[in-house]
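Trainee: predicted model and sequence follow; I will ask about them next.
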Amino acid sequence: MTSAAGKDLGKMIIAAAPPAIRIEGYLGVGKTMWTCNTFALLGAFFLIQGFAAGAPKHLQLGFPQLSKRVQVVLLENYSPERKWPAVFYYHATGGKPTTSFMQAHTRNRDWIVVGMTYTQEGRLPATAEYLEKEFIILASTRRHLAAKWDLDPSRCYVGGFSKGGWMAGFLLHYDPTLAGGIILGAGHQFLIRDPKRFRQPKSLFVGAGRMDENYPFALRSVVHYRSLGASVMMKEWNGLGHALPEGESRALTQWMGLEAHPAVDYKKEVRGWLVKRLDQIQGLPDLVDQWTAIRDLERMPFFRMAAADDKARVAVLRSALEGGVRVGAEAKALTAHQGSLRREAKGHSLSGC
């Protein structure tokens with residue numbers, strides 16, 4: 001298995017102890033970062049707004065430290081009468097600030113979407129000073145959007161793909177006020193010395209291609225963040241390597257909808273989705289395909305919201321399939337494979353990881 005260090009990252013050790021964390025890497029002795037010291041620099045940016053008729057839907061935030069402007073897309077149903085959640089999305093190596101992947105899942109509603117970038121191109125340096133610089137940009141952007149566009153500071157999420165996914169993980173440890181994160185094509189590689197449980201609830205979505213070299217580290221991130229008290233949803237994309245799925249990931253869309261409206265009663269919507277999906281699954285000609293689809297369904301965010309009797313119905317269908325010869329053999333092989341994956345996720349088979 002190839003180390004995730006080949007996917008945008010160097011080895012580091014983070015000792016999480018908010019509001020300060022210690023990072024040690026190849027470049028020398030770890031240094032301590034204190035979040036209270038960063039705010040003196042928060043005003044060092046200039047703003048460019050793209051106006052349409054009425055309130056602007058697109059904003060660009062320029063910072064002297066950045067070669068590209070941060071991109072902001074306001075939600076179509078924006079109203080100053082309430083506060084809105086926001087997702088800060090970091091691109092992969094060689095990319096540029098983008099909001100398109102998140103917009104495909106928010107459908108331009110309910111979320112402020114922010115396309116972030118980095119103060120330094122290339123790999124993520126293993127230094128405390130570097131993460132401090134990135135946090136200043138994040139905090140400045142968040143503060144401005146809260147003051148001008150009703151961003152809810154208590155409902156800010158960080159996310160990204162590849163390098164951006166690793167960055168999201170750094171920031172989740174660094175900033176205890178973040179509500180959660182979206183880690184895509186990345187995971188948890190670092191040894192955490194005396195990790196502290198999160199002081200407030202956090203929700204995470206972890207997504208990785210099943211053929212991605214970072215897949216084991218994505219699994220490890222699920223174990224790691226759950227151990228710190230986070231609620232973690234993981235989606236694996238079968239047959240996909242180190243890439244994002246084309247179009248929309250239904251699991252991520254569901255997750256973002258639930259995060260945007262945690263108090264909404266989704267019973268009718270969930271029941272309709274479940275009935276329709278089960279009809280589609282039972283129409284598949286191959287029994288192994290039916291079983292695989294049912295397993296995927298049971299890991300969807302909406303399934304967590306399903307009524308107990310509906311969950312029981314799905315479990316009965318899966319058990320009936322597993323009673324057959326072909327599906328039973330697949331199920332036994334999967335159980336053995338999952339045991340190996342759990343050991344890999346909890347262990348340290350790669351030196352320094």
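Mentor: Ah, there it is. Computed from a prediction, not measured in an experiment: that's the story for all the values here. Numbering: from 1, shown residues only.
Trainee: show me where the stretch 151-300 of the chain has strands.
Mentor: 151-161, 180-184, 191-192, 203-209, 231-237 (DSSP state E, counting those that start in this stretch).
Trainee: and those strands, which one averages the lowest pLDDT?
Mentor: The weakest mean pLDDT among the strands of the stretch 151-300 of the chain belongs to strand 191-192, with a mean of 52.
Trainee: and for stretch 323-334, what are the contacting residues?
Mentor: With contacts defined as CB atoms under 8 Å, 6 or more residues apart in numbering, stretch 323-334 is touched by 287-288, 291, 321-322. To be clear about C-beta, it is placed using only N, CA and C from the backbone, and glycine gets the same treatment.
Trainee: neighbour count, distance to residue 297 and pLDDT added to these, as CSV?
Mentor: Formatted as CSV, the contacts of stretch 323-334 follow (neighbours: other CB atoms under 10 Å; distance: CB to CB, whole Å; pLDDT from 0 to 100):
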residue, neighbour count, distance to residue 297, pLDDT
287, 15, 15, 94
288, 15, 15, 93
291, 24, 11, 93
321, 20, 13, 94
322, 16, 15, 90
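Trainee: closest one of the residues you listed to residue 257?
Mentor: Closest approach to residue 257 among the contacts of stretch 323-334 (CB to CB): residue 291, at 27.2 Å.
Trainee: re earlier: out of the strands of the stretch 151-300 of the chain, deepest packed?
Mentor: Of all these, strand 180-184 has the most neighbours on average by mean count of other CB atoms under 10 Å, namely a mean of 29.
Trainee: just send the strands of the stretch 151-300 of the chain back as CSV, with distance to residue 118 too.
Mentor: Formatted as CSV, the strands of the stretch 151-300 of the chain follow (distance: least, CB to CB, whole Å):
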stretch, distance to residue 118
strand 151-161, 10
strand 180-184, 16
strand 191-192, 23
strand 203-209, 21
strand 231-237, 25
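Trainee: quick one: average pLDDT of stretch 271-281?
Mentor: Here the average pLDDT along stretch 271-281 is 96.
Trainee: and for stretch 294-301?
Mentor: 95.
Trainee: so how far is it off the chain centroid?
Mentor: 18 Å (CA atoms, centre = their mean, to the nearest Å).
Trainee: and the contacts of it?
Mentor: Here stretch 294-301 has contacts from 233-235, 250-251, 254-255, 258, 274, 277-278, 281, 303, 314, 317-318, 321, using CB under 8 Å, 6+ apart.
Trainee: returning to that earlier point: export the contacts of stretch 323-334 to JSON lines and tack on distance to residue 102?
Mentor: Listed next are these as JSON lines, based on distance: CB to CB, whole Å:
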{"residue": "287", "distance to residue 102": "37"}
{"residue": "288", "distance to residue 102": "34"}
{"residue": "291", "distance to residue 102": "32"}
{"residue": "321", "distance to residue 102": "36"}
{"residue": "322", "distance to residue 102": "37"}
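Trainee: residue 165: which of these is nearest?
Mentor: residue 291 (30.0 Å).
Trainee: residue 108 is in contact with residue 73, correct?
Mentor: Yes: Residue 73 lies in contact with residue 108 (CB atoms under 8 Å); the separation is 7.1 Å.
Trainee: can you tell me the closest non-neighbouring residue to the spatially most central residue of the chain?
Mentor: Compute the mean C-alpha point of the chain, and by CA atoms, centre = their mean the closest residue is residue 182, 0.9 Å away. Among residues not flanking residue 182 along the chain, residue 159 sits closest, at 3.0 Å (CB to CB, 6 or more residues apart in numbering).
Trainee: fine, thanks again, bye for now.
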